[in-house]
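> Here's a sequence, model it:
(2 chains)
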Amino acid sequence: MELKIRNLLDLTDVSQGDITAILDTADSLKEINKRRIKKVPTLKGLTHVNLFFEPSTRTRMSFELAGKRLSADTINFSPGASSLTKGETLLDTVRNIQAMSPDILVIRHRMAGAPHMIARAVPTPIINAGDGAHAHPTQALLDMFSVREKLGRLDGLKVVIVGDITNSRVARSNVQGFTTMGSRVTVCGPPTLIPKGIERMGASVSYDLDEAIKDADVIMTLRIQLERGSGSRFPSLREYSIRYGLNSARLERAKNEALIMHPGPVNRGVEISPEVADGPRSIILEQVENGVAVRMALLFLLCGGKHEDAN
Amino acid sequence: MKTLIKGGRVIDPSQGISDQRDVLIEDERIKAILEPGSSADHDEVFDASGKWVVPGLIDMHVHLREPGEEYKETIASGSSAAVAGGVSAVACMANTRTVNDNASVTDYIRDRARAADKARIYPVGAVTRGLAGEELAEMGELVGAGCVALSDDGHPITSDLIMRHALEYCLGLGVPLLSHPEQTSLSEGGCMNESHVSTELGLAGVPGAAEEVMVARDVLMAELTGGRLHLQHLSTEGSVRIVRRAKERGVRVTAETCPHYFTLTDEAVRGYDSRFKMNPPLRSEEDRLAIIAGLADGTIDAVASDHAPHSSVEKDVEFAMAANGIVGLETILPLSLSLVREGHLSPSRWVELVSAAPAEILGVEGGSLAPGQIADVTVLDPEEEWIVEASKFYSKGRYTPFQGWKVKGKAKAVFVGGALKTP
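Got it, this is the predicted structure:
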């Protein structure tokens, strides 16, 4: 299986065919994670570098497990912001790593567009593991994988994403991914957290969560940054939770089989109540589980050509 | 010493000429405009056949970075870039390191300009000490030392009261106040236009209203004080609308825009390339078209480049961290001329925008080829095609959004005070 893309920077130009290929590959790799010996030799001898300029635990760990279970030499490098204060630029850092001949780079950075800049500077395939408020394509792919696995399709579904859309790379990538696959996506939140022109990306906008979830097949809540409660975008976390928090009472209005998702980490009692997060419709932990399979699929597909040469 | 510029098409709105004429220069002044083929005593001839002969371009918004950031540009390299671009005079902004907020810096700039001996350099002094927006700089001393205008460019004057007093105080000095209109509480953290493009790119946006709020405030202050307000780098449809209404009401206000605002839109930012990052940011297509309409109908008086050179240290970094600013001295001529080719402007209107109006706003010589005027003349070939190649710029700045563009219109000669200058 070969993808049209050679980097995964965002989902803007990723075709339905490529997304389907990634999800199908993840499907076939998923069972490896259920074995007692969770390792196959697929990427043996290839070097996979996780370059996390922004702190992350679950995404980094997920990528690390994905690489290791495929037998890649997985290296983690987390310069944080410190290299910037030491005076080394992003490009210098990346060129230094490039000099050590990695086969694939996984980049997390707090600034939008950083992976694009790196992709222009080095020839190695790049996977964006989240850049600022721009994109988090692997999260969107694992979300699509999880929904497809549960509901058997993506086409024709209604997906509601509720929360701080303005600052969310997860929302942007999910809007693009689900839309490409034929779902209808509604983003919901207070108007101050809905970015201008999001409709141009294919989403509908709602300010009324009760209305939006009525006929939803999927309800995805996003983390509200606790520190944002003090700004002028909304009055308080308390008011946010009343108007946009997902709780059992509110969920009564939704379809019985609607899936509840969250990219984590969860603020229990703010954007989602504990009963809903832990309830029967929640697939939050399955998202995490599927993340490893989806990232294995991406490492495999984007390193694929080289792997055959190595043999 | 008499020089005859012969065989060209003279375009000079100050005399209503747009036709074949010869220009006779004696020493540093224009001696006469002659019918083609008339005989006149001369020592040198410049053959301008097939070319346009216009009053020297005056770029009223330039950053020369000296003193303090000579690795980005010097007065010498910037004046060479000006001459290469067909620009005979520039006004250089005060945000150097040291800030031009006292006469010793102004003196230094003028000394360096004399030593470079290329384009005319008109220093612009700071409105407030250290550009901090808190207390007035010694504006009288700055003007006395040779500053032709005052501006905190790069730093908006956020206090309404300081703006009021600065405009009033300038009245007594006979110079304009050049205002950088930006409401920082709306623009802070933003690095591109706020639009569906910023949403898609996940970059924090600067809404057009961040400019328009201050354009409106400045217009109100100009109305209150009667001061000479000049608005810098207008980029939005709303700003054009506010200035147009103000002018209709008779408020004393002038305005400039820059080639990138009528040539590019925020769509160019896709790709996160810092060559497309400046302040104000590239706006929408509606804004771009409104800027062109404003240039055509006289709402906007001048085209300036906002030449703002930076090095790779400031530019080859993450988009949000990259410095604002692009170079423009060597591309202002073809980019503005394209508005003539596209039928938005007459050649005479173009000369007003790039030469006559800047001279009038700044109260400096030039902008006219009438006999007796200073002999600052640009000869250009409006049809010559060339490719923008930043590595060949005379400027030390290499960051232009027009890298690789095929453009039309090239300066062939620049006379400053009757002397032919080479870059």
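> C-alpha from now on. contacts and neighbour counts both.
Fine.
> I'd guess residue A:280 is in a helix, am I close?
No - Residue A:280 is assigned coil when assessed by DSSP: H, G, I helix; E, B strand; the rest coil, not a helix.
> count of neighbours near it?
11 (other CA atoms under 10 Å in any protein chain shown).
> How about the one 4 residues further on?
By the measure other CA under 10 Å, the count of residues near residue A:284 is 21.
> ditto for residue B:405
11.
> excluding its backbone neighbours, what's nearest residue 121?
In the absence of a named chain, chain A is used. For residue A:121, ignoring the flanking residues on the chain, the nearest one in space by CA to CA, 6 or more residues apart in numbering or on different chains is residue A:91 at 7.4 Å.
> not quite, I wanted chain B
residue B:90 (5.2 Å).
> Could you do residue B:84 as well?
Counting by CA to CA, 6+ apart, the residue nearest residue B:84 is residue B:423, at 5.3 Å.
> pretty sure the one you found is in contact with residue B:394, am I right?
Yes - counting by CA atoms under 8 Å, residue B:423 touches residue B:394, with 7.4 Å between them.
> Give the residues shared as contacts by those two.
Jointly contacting residue B:423 and residue B:394 under the rule CA atoms under 8 Å, 6 or more residues apart in numbering or on different chains are B:80, B:81, B:84.
> tell me which of those is nearest to residue B:272?
residue B:81 (27.0 Å; CA to CA).
> tell me what the helix or strand containing that closest one is packed against?
Assigned by DSSP states H and E, residue B:81 falls within helix B:75-84. With contacts taken as 3 or more CA pairs under 8 Å, 6 or more residues apart in numbering or on different chains; DSSP states H and E, helix B:75-84 sits against strand B:87-92, helix B:103-116.
> Mind doing that once more with 7 Å?
The contact analysis (3 or more CA pairs under 7 Å, 6 or more residues apart in numbering or on different chains; DSSP states H and E) places helix B:75-84 against helix B:103-116.
> Which strands or helices does the helix it packs on pack on?
In terms of contacts (3+ CA pairs under 7 Å, 6+ apart), helix B:103-116 is packed against helix B:75-84, helix B:139-145.
> For stretch A:204-223, C-alpha coordinates in CSV please.
Extracted in CSV, the C-alpha atoms of stretch A:204-223 (Å, rounded to 0.1, in the frame of the first residue of the first chain):
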residue,chain,number,x,y,z
SER,A,204,-21.2,24.2,10.6
VAL,A,205,-21.3,26.4,13.6
SER,A,206,-23.6,26.2,16.6
TYR,A,207,-23.7,28.2,19.9
ASP,A,208,-26.3,25.9,21.4
LEU,A,209,-25.0,22.5,22.5
ASP,A,210,-28.5,21.1,23.4
GLU,A,211,-29.6,21.8,19.8
ALA,A,212,-26.4,20.6,18.2
ILE,A,213,-26.2,17.2,19.9
LYS,A,214,-29.8,16.2,19.2
ASP,A,215,-29.1,14.2,16.1
ALA,A,216,-25.3,13.7,16.6
ASP,A,217,-23.7,10.3,16.0
VAL,A,218,-20.5,11.5,17.7
ILE,A,219,-19.9,14.1,20.4
MET,A,220,-16.3,15.1,20.9
THR,A,221,-15.5,17.4,23.9
LEU,A,222,-12.3,19.3,24.0
ARG,A,223,-10.2,20.3,26.9
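> Give me the contact list for it.
Where contact means CA atoms under 7 Å, 6 or more residues apart in numbering or on different chains, the residues beyond stretch A:204-223 that reach it are A:157-164, A:185-191, A:244, A:250, A:253-255, A:258-267, A:271.
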